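Any chance you can model this:
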Amino acid sequence: MSYLDYEDESDYIYFETHNDEYAGELKDYEMVLTKERFELSLRNGKIEVLIYPTDKECSELKEILPILTNKTGKLIVND
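Numbers count the residues shown, from 1 in each chain. The predicted structure follows:
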């Protein structure tokens with residue numbers, strides 16, 4: 001994900017992957033975070049990443065994801 005360069009970009013969130021089909025403005029999405037997996041569902045498909053965060057890292061992810069996504073889309077956190 002990218003960070004804002006200018007204040008007027010506060011509603012614009014851009015992301016990239018190694019696949020150009022899964023890159024662009026982040027909108028109309030659903031994120032699911034568990035202790036083992038991060039999923040990003042988009043109109044054109046789903047990205048799944050296996051993760052193994054410590055309890056502290058998981059807590060930090062739960063705190064920071066709503067901020068990074070500007071509380072847009074749907075974020076589901078399953079403990």
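
Pull the number of nearby residues for Glu36.
For Glu36, the neighbour count with other CB atoms under 10 Å is 10. C-beta: built from backbone N, CA, C; applies to glycine.

got a pLDDT number for it?
The model reports Glu36 with a pLDDT of 93.

got it, and Glu7?
In this model, Glu7 carries a pLDDT of 53.

Over to the one 5 residues further on?
Listed pLDDT for Tyr12 reads 69.

the helices in the chain, which residues?
Secondary structure of the chain, counting by DSSP state H: helices at 55-68.

Low-confidence bits of it, can you list those?
1-12 (pLDDT under 70).

Do I have it right that Phe15 meets Met31?
No: using CB atoms under 8 Å, Phe15 is not in contact with Met31; the gap is 10.9 Å.

Now do the shared contacts for these two.
Leu40 (CB atoms under 8 Å, 6 or more residues apart in numbering).

Now do the nearest residue to Leu26 once chain neighbours are set aside against Asp79, distance only.
Of all residues not flanking Leu26 in the chain, Ile13 sits nearest, at 4.1 Å (CB to CB, 6 or more residues apart in numbering). Ile13 sits 25 Å away from Asp79, going by CB to CB, to the nearest Å.

what do you get for Gly73?
When Gly73 is compared with Asp79 (using CB to CB), they lie 20 Å apart.

higher neighbour count, the two?
Taking other CB under 10 Å, Gly73 and Asp79 do not tie; Gly73 has more neighbours (17 against 7).

ok, Ile13 - how many residues close by?
Neighbour number of Ile13 under other CB under 10 Å is 20.

these two touch, right, it and Glu25?
Yes: using CB under 8 Å, Ile13 is in contact with Glu25, at 6.8 Å.

Which parts of the protein are strands?
Using DSSP state E, the strands of the chain run over 14-15, 24-25, 30-33, 37-42, 45-50, 74-77.
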